[in-house]
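In: what follows is a predicted protein model with its sequence.
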Amino acid sequence: MFSHMRNRALVVALALGIEFWLGAGRARAQGPTIDSTLPSTPGGGASSLGAAPGTGASVLGTTPGGGASLLNNGPGGGPISGRPGATGTRVLQSAVNPPTVDNNTPQAYSAPAEAPTYTAPSYGAYAIPTGPEDDGPADGLTLDQAIDRLVKENLDLRGKSYEIPQAEADILNAGLRANPVFYADGQLIPYGRYTKDRPGGQTQYDVNVSYPLDVSRKRAARSLYATRAKRVIEAQYQDAVRTQIDQLYTLYLNVLSARQTVRYSESAVKGLTDLYTVTLDLFKKEQNTRADVLRVKGQLEEAEVGLIDSREGLKKAKRDLAAILNIPADQSDSIEVRGTIKDLAPAPPPEPELIQMALALRPDVVSFRLGIKTAEANVRLQLANRFTDLYVLYQPYTLQDNTPFGLKSPTSWALGITAPLPVYNRNQGAIARAKLNVTQSRVELANLERQVVNDVQQALHEYEVTAKMVKRINKELLPAAAEVRDTTKRLYLGGEVNVVAFLNAQRDYVDIVKRYLDTVVRHRRSMLALNTVLAQRVFP
């Protein structure tokens, strides 16, 4: 009778133990220490172009200096039997299952493709309008306001911003302590009962708890690594903001240049309309031919078609700007911007100062510098992972059943420890890999810094060259072409030359105006590009 009660108690204890262990696996808290095989790289995953939705992969890409697994308990693992109790085997899982290397390396983050800079349509006619420059309505959207809205409302940036709280969750996970392990068993339980004719036993019932001790401070190393990885991700997010602002520069400038193109087209249409009226009047007075009228009419119609194209180009530029600012498409036509394509800013600082500024402020450079710190933390983590946790066993209850022999059944307790003998370094490859990653990160940083220097030099050179081109066209080519056109027009109206001569002079003038407009836009884009390579607003 007593034996059957003990058997029932054992079954209940085993059921409670199994339910407790399985329930802990389902709980949203600390996971089990034994056989913990889920890799987790802080913010790690795939690139923004290759991350599958809902997979948890990072959209910011590779974390410089990263690559560690935060849930790995190092070489060794728990006892192969899954029970570190007094009667469980002392053989560790790593004896038959060596630790694996986390090869879930994410792809590199790719910046969005650069938006094409707007150029005036080659079809149509252009003329510099008279009167003051039109910078748009006083309450129009300024570039500063557009940048503020981009940071707050852009959906791409909003999605990438979630990488930061996910990294904070990694820090929380890295600092979690291991759970104790509950174990209960019964041994030497007979089929039936022991007798003098069939002696055995005695039956023994054990209840114990094992608690892992992190003697190599893996938890502290994981927390340090996760904290530094979060700082890298913050810098990567700042770089994503920088590249999106560069996209905004282009799209905002496209609206300004498209609006200016419409103004130039309208000015040309007005001039050709006046010319057509004069030519038609001369024809009525029989001072020219019908062919002259048709030639001027053809030029006017071509200019009117070009004006239609320019206005559509302005609408398209507004739609593109609305998309990046998360403005509804049906409201894009109502967008009015406030700004100019002309260079009204003072000259930038000298090249050495710009280079130092870029090296200090560029978030991609900062992320690699922080990545070296992260790689060094990974070395510390891999060194800590050389040693498995020690399992301290406390067995408060052991019952030896002497009922079959008519004797009193004693109870006892036990205390023990399970510790791997560090005869071999089971983490040599991971340690070597982590140390090489430090060196690799430093090499990549040096390469990036060299690229940043080249970016600054190229952007500054483009700014200086386009500034000279704008100045040359504005002071020499445009006045000369305008003078030739006006002189030829005066001769035509005086009957000294035919309309063909004037129209040829008009085409030359239109070509120069288009080159001037495209060059001014190119120069303004070079100013904004210099802002991007510096990660600093040196130009408005």
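Out: On my side now, so go ahead.
In: strands along the protein, start to end?
Out: With DSSP state E as the criterion, the chain has strands at 181-187, 203-213, 390-401, 411-418.
In: can you say which of those is nearest to residue 125?
Out: With CB to CB as the measure, strand 203-213 is the member of the strands of the chain nearest residue 125 (81.5 Å). In short, each C-beta sits where N, CA and C put it, glycine included.
In: residue 526 reaches residue 459, doesn't it?
Out: Yes: if you go by CB atoms under 8 Å, residue 526 and residue 459 touch, sitting 6.6 Å apart.
In: just the CA trace of stretch 529-540, in PDB.
Out: This file holds the C-alpha atoms of stretch 529-540, laid out as PDB (Å, rounded to 0.1, in the frame of the first residue of the first chain):
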ATOM      1  CA  ALA A 529      25.400  67.100 -52.400                       C
ATOM      2  CA  LEU A 530      28.100  68.700 -50.400                       C
ATOM      3  CA  ASN A 531      25.700  68.800 -47.500                       C
ATOM      4  CA  THR A 532      25.100  65.100 -47.800                       C
ATOM      5  CA  VAL A 533      28.800  64.100 -48.000                       C
ATOM      6  CA  LEU A 534      29.500  66.200 -44.900                       C
ATOM      7  CA  ALA A 535      26.300  65.200 -43.000                       C
ATOM      8  CA  GLN A 536      26.100  68.900 -42.200                       C
ATOM      9  CA  ARG A 537      24.100  71.800 -43.600                       C
ATOM     10  CA  VAL A 538      26.800  74.200 -44.900                       C
ATOM     11  CA  PHE A 539      24.400  75.400 -47.600                       C
ATOM     12  CA  PRO A 540      20.800  76.400 -47.100                       C
END
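In: can you give me the buried ones in that stretch?
Out: Across stretch 529-540, burial judged by 16 or more other CB atoms under 10 Å covers 529-536, 539.
In: over to stretch 460-476?
Out: Neighbour-count burial for stretch 460-476 [16+ other CB under 10 Å]: 460, 462-463, 466-467, 469-470, 473.
In: same thing with stretch 168-175?
Out: Those would be 170-171, 173-174, for stretch 168-175 by 16+ other CB under 10 Å.
In: then stretch 202-214?
Out: In stretch 202-214, counting by 16+ other CB under 10 Å, buried: 202-212, 214.
In: and for stretch 304-319?
Out: Quick answer for stretch 304-319 (16+ other CB under 10 Å): 304, 306-307, 309-311, 313-314, 317-319.
In: which other residues reach that stretch?
Out: 118, 120-121, 123-125, 251, 254-255, 257-259, 261-262, 264-266, 268-269, 329, 332-333, 335 (CB atoms under 8 Å, 6 or more residues apart in numbering).
In: run the last query once more with 7 Å
Out: 118, 121, 123-125, 254-255, 258-259, 261-262, 265-266, 269, 329, 332-333, 335 (CB atoms under 7 Å, 6 or more residues apart in numbering).
In: so which of those residues are in helices?
Out: Counting by DSSP state H, the part of these found in helices is 254-255, 258-259, 261-262, 265-266, 269.
In: chain neighbours aside, what residue packs nearest to residue 440?
Out: If the residues on either side of it in the chain are set aside, residue 440 comes closest to residue 375, at 7.9 Å by CB to CB, 6 or more residues apart in numbering.
In: quick one, what contacts the one you found?
Out: With contact taken as CB under 7 Å, 6+ apart, residue 375 is in contact with 65, 434, 437-438, 441.
In: just the residues you listed: which are in helices?
Out: 434, 437-438, 441.
In: for the residues you listed, which one is nearest residue 143?
Out: Closest to residue 143, out of all of the ones in helices among the contacts of residue 375 and judged by CB to CB, is residue 441, at 35.7 Å.
In: from residue 465, how far off is that closest one?
Out: 36 Å (CB to CB, to the nearest Å).
In: sorry, back to before: in CSV, list the buried residues of stretch 168-175 along with distance to residue 358.
Out: What follows is the buried residues of stretch 168-175, written out as CSV (distance: CB to CB, whole Å):
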residue, distance to residue 358
170, 30
171, 30
173, 36
174, 33
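In: which of those lies closest to residue 400?
Out: Nearest member of the buried residues of stretch 168-175 to residue 400, counting by CB to CB, is residue 173, at 42.9 Å.
In: can you give me the pLDDT of that closest one?
Out: The per-residue pLDDT reported for residue 173 equals 93.
In: contact partners of stretch 121-134?
Out: Applying CB under 7 Å, 6+ apart, the contact partners of stretch 121-134 are 120, 263-265, 267-268, 271-272, 299, 302-303, 305-307, 309-310, 313, 340, 510, 513-514, 517.
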